[in-house]
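In: here is a sequence together with a model predicted from it:
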Amino acid sequence: MNTLQLERALGTLGAYETLRWAEDLFEHRDYYAAARVLQHLVDTHDTPSELGAAKELLARSYYHSAQLGRAIETAEHLLEERPDDAYVALLLARSYERASRPEAAAAMRRARALGAQW
């Protein structure tokens, strides 16, 4: 689906339907498309604070589609909003590791301290 087709499809959907579509794309391992749909949702939603689950799925989609810079940025923003979220801390640590960033060790310690399980 090209960008114009995606924009048209997204223009007809509400927030709930958009999230469900992104979840379906993610479940079918189309992580890049899921990220595009979720980024649109985050960019256009009136109340971004309501989008915690969508932002987490966005970070996961970025991670799985090897968009590591975006995965890191999204996970960092999520941790600012939810500093005690062990899963997001682990996602950030794994993103740093996969990107061979020196912050990985400290991020992994934080994830462990928050009780992250893997």
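Out: On my side now, so go ahead.
In: pull the helix or strand with minimum mean pLDDT from this structure.
Out: helix 3-11 (a mean of 72; mean pLDDT, DSSP states H and E).
In: how about low-confidence regions in this structure?
Out: Scanning the chain with the threshold set as pLDDT under 70 gives 1-4.
In: outline the domain layout of the chain.
Out: As given by automatic domain parsing, the domain ranges for the chain are 1-65, 68-118.
In: got these as TSV, with mean neighbour count columns?
Out: C-beta: built from backbone N, CA, C; applies to glycine. Shown next, in TSV, are the domains of the chain (neighbours: other C-beta atoms under 10 Å):
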stretch	mean neighbour count
domain 1-65	16
domain 68-118	17
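In: contacts only, for the most centrally placed residue in the chain.
Out: The centre of the chain sits closest to A59, judged by C-alpha atoms, centre = their mean, with a distance of 1.8 Å. A59 sits next to 71, 74-75, 78, 88, 91, 95 when contact means C-beta atoms under 8 Å, 6 or more residues apart in numbering.
In: please repeat the previous calculation with a cut-off of 10 Å.
Out: 35, 38, 67, 70-79, 87-88, 91-92, 95 (C-beta atoms under 10 Å, 6 or more residues apart in numbering).
In: quick one: which of those sit in helices?
Out: 35, 38, 70-79, 87-88, 91-92, 95 (DSSP state H).
In: my read is that E81 contacts K55, right?
Out: Yes: shown here, E81 and K55 form a contact pair, counting by C-beta atoms under 10 Å, at 8.1 Å.
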